[in-house]
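>>> Below are the sequence and a predicted model for it; my questions follow.
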Amino acid sequence: MVSRLAAPEIIAHRGGVSSAPENSLAAIERSVLAGVDAVEIDVRMSADGVPVLMHDASVNRTTDGRGRVDGLCFDELRCLSLLDSVGNATCERVPSLREALELVNGRCGVLIEVKDKSDRGVEEAVAGVIELCGAEEWVAVQSFSDRVLERFSSLGVAFPLEKLFVFKLPLLPVVFDGGFSYFSMKKYCYVSSFNIRHCFARPGLVKKIRSSGKEVKLWTFDAVPERLPLPVDGVIVDAIP
């Protein structure tokens, strides 16, 4: 997903949270039809090893069920209804990653955020679904976790890997990504993009990253910004025009 365009890519957050339940097939389809450059989705593993679309570690907030995602098998997750923005149950069900990729089918890009940091082989499972769907040319994987990204890199995957973080400490080679991690371009030589919380993106850092041949994407805006103070390659947004 290398853009280098005058206008940054528009990426629909959690599939397109303003139009349908987050991480639902309906949200993804509406975002694709709206003409986004990519949809961003969150992936975790079910108890029986199926990569599914779910942001939280539990299903409590976004479905009419209860429990941890990794404590429910895929058939159990499929019995749950996704909730709309005001908490009403819908006809939308928890999708698998395979269903999401088959729905998109290359009509736009897909940015997969791997939320699961366990040792249950999520990297191999996600990479396997991407290969099965023939999606290597139009997907990328992002994560806050260095460990997750390093595992993907060790698999020799053909799709881009993107490093998520909130901010970089001034004058120090350290980023906050849920903890504090050492930051250098050499360390992340296998990463194609650094995806930064938009209110913490500083001109010097953005310039340094982009001058090294890497991309910068900013997250998460409420809507597509009318103008950006910094030249970046993508913006992740909740509301799609």
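Perfect, I can see it now. Numbers count the residues shown, from 1 in each chain.

>>> From the rest of the structure, what touches stretch 31-40?
1, 3, 9-16, 19, 27-28, 103-104, 107-113, 142, 234, 236, 240-241 (Cβ atoms under 8 Å, 6 or more residues apart in numbering). From N, CA and C alone the C-beta is placed, and that goes for glycine too.

>>> Quick check: which element contains the residue nearest to the spatial centre of the chain?
Residue closest to the average C-alpha location in the chain (Cα atoms, centre = their mean): residue 113, at 3.0 Å. Applying DSSP states H and E as the criterion places residue 113 in strand 109-114.

>>> Packing partners of that strand?
strand 9-12, strand 38-45, helix 97-104, helix 122-132, strand 139-143 (3 or more Cβ pairs under 8 Å, 6 or more residues apart in numbering; DSSP states H and E).

>>> can you list those in JSON lines and add mean pLDDT, distance to residue 190 and mean neighbour count?
JSON lines is the format used below for the helices and strands packed on strand 109-114 (pLDDT from 0 to 100; distance: least, Cβ to Cβ, whole Å; neighbours: other Cβ atoms under 10 Å):
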{"stretch": "strand 9-12", "mean pLDDT": "98", "distance to residue 190": "21", "mean neighbour count": "24"}
{"stretch": "strand 38-45", "mean pLDDT": "98", "distance to residue 190": "20", "mean neighbour count": "25"}
{"stretch": "helix 97-104", "mean pLDDT": "98", "distance to residue 190": "22", "mean neighbour count": "21"}
{"stretch": "helix 122-132", "mean pLDDT": "98", "distance to residue 190": "13", "mean neighbour count": "19"}
{"stretch": "strand 139-143", "mean pLDDT": "98", "distance to residue 190": "12", "mean neighbour count": "24"}
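
>>> Tabulate those (a markdown table), appending distance to residue 71.
Shown next, in a markdown table, are these (distance: least, Cβ to Cβ, whole Å):
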| stretch | distance to residue 71 |
| --- | --- |
| strand 9-12 | 29 |
| strand 38-45 | 11 |
| helix 97-104 | 19 |
| helix 122-132 | 15 |
| strand 139-143 | 22 |
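
>>> For residue 57, find the nearest of the ones you listed.
strand 38-45 (7.2 Å; Cβ to Cβ).

>>> just the angle between the closest one and helix 122-132, please?
Orientation of strand 38-45 against helix 122-132 (axes from the mean of the first three to the mean of the last three Cα atoms, to 10 degrees) gives an angle of 130 degrees.

>>> how much distance is there from strand 38-45 to the middle of the chain?
5 Å (Cα atoms, centre = their mean, to the nearest Å).

>>> helices and strands around whichever helix or strand comes after it, which ones?
Counting by DSSP H and E, the next helix or strand C-terminal to strand 38-45 is strand 51-53. Using 3+ Cβ pairs under 8 Å, 6+ apart, the elements in contact with strand 51-53 are strand 38-45, helix 97-104, helix 122-132.

>>> hmm, back to that, so the residue nearest to the centre of the chain versus residue 65, what's the distance?
Distance, residue 113 to residue 65, by Cβ to Cβ, to the nearest Å: 22 Å.

>>> can you map out the strands along this structure?
For the chain, the strands defined by DSSP state E cover 9-12, 38-45, 51-53, 81-83, 89-93, 109-114, 139-143, 161-165, 167-168, 174-176, 180-182, 193-197, 215-223, 234-239.

>>> quick one, which of those strands is nearest to residue 205?
Among those, strand 167-168 sits nearest to residue 205 (Cβ to Cβ), with 5.5 Å.
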